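Q: Attaching a predicted model along with its sequence, questions to come.
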Amino acid sequence: MIFRDRIASSLLALAIVSAPALAAHAQTPSPQPVNAAAQPGHEAPSFSGPSFRKGLWRFVRTLDVVRDANKNFKYRVVNAETTRCVDPTHAMKATFSTAPVGTCVSDKPEKVGNKYTFGRRCDYMGAVSTVITVRSDEAYTELNEVSVGEHPRTDLVVATRIGDCEDSAARNSDISAAAQLRN
């Protein structure tokens, strides 16, 4: 029983720390800096990832943690949903950036069909294996797997565009996704 309580408290702490992952998918973009390509001698970084339509998107996130050494039993830590007016292409640009995070350096993604696979991508969880499956310009899934450490885990985000944004939704877009999850 003590072991179970210790795992539950560890997983709760992990869930609280991991809540920003869903927020990253549902964030509205910040103002972009002046276009570097317009300045002499600078080239704009190319983005070779998927593009999605702006609009009202639903993000469903689940976080599962492996409970035993055989990796045959997963414990669901988070099952959260949020709906926001966003342009997911901006979040994808951040995901596909290869900038190092601390000492972690991300692999470039490999594209096969409608899937983008990162063998190693630097994330808030550390080095993760990521597969982004693009269903259309209105739907995708992102699966992040951490197989090292005491508690291997999978973080899955299923994103679906559900409509156009209304003016009131656009005005309220500055509310963080994490705050919406608490409501």
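A: Sure thing, it's come through. Residues are numbered from 1 along each chain as shown.

Q: only C-alpha atoms for contact and neighbour calcs from this point on.
A: Fine.

Q: pLDDT below threshold where in this protein?
A: 1-45, 68-72, 167-183 (pLDDT under 70).

Q: Tell me what the closest residue to Val105 other than its chain neighbours is bridged to.
A: Of all residues not flanking Val105 in the chain, Cys122 sits nearest, at 6.3 Å (CA to CA, 6 or more residues apart in numbering). Counting by DSSP bridges, Cys122 forms beta bridges with Ala127.

Q: quick one: Cys122 and Pro100 touch, right?
A: Yes - counting by CA atoms under 8 Å, Cys122 touches Pro100, with 7.0 Å between them.

Q: which one of these two has more residues nearby?
A: More neighbours surround Cys122 than the other of Cys122 and Pro100, with 23 against 13 (other CA atoms under 10 Å).

Q: re the thing from before, common neighbours of Cys122 and Pro100, please.
A: Ser106 (CA atoms under 8 Å, 6 or more residues apart in numbering).

Q: Strands of the protein, residue ranges please.
A: 55-66, 74-86, 110-112, 115-123, 126-136, 139-146, 153-163 (DSSP state E).

Q: How much space separates Met125 from Thr160?
A: 24 Å (CA to CA, to the nearest Å).

Q: Likewise for Pro88?
A: 10 Å.

Q: quick one, which of those two is more surrounded?
A: Pro88 (27 against 20).

Q: which one is that one nearest to, not counting chain neighbours?
A: Phe52 (6.0 Å).

Q: show me the contacts for the one you found.
A: So Phe52 contacts 87-89, 136-139 (CA under 8 Å, 6+ apart).

Q: Please identify which two of these are farthest apart in space.
A: Checked with CA to CA, the contacts of Phe52 reach their widest spread between Asp87 and Ser136, with 14.1 Å between them.

Q: For those two, indicate the residue with more neighbours.
A: Asp87 (21 against 14).

Q: Next, the contact list for the nearest residue to that one once chain neighbours are set aside, please.
A: Leaving aside its sequence neighbours, Asp87 sits nearest to Lys54 (CA to CA, 6+ apart; 4.2 Å). The contact partners of Lys54, by CA under 8 Å, 6+ apart, come to 85-88, 164.

Q: burial count for Ala91?
A: 17.

Q: gap between it and Pro152?
A: 25 Å.
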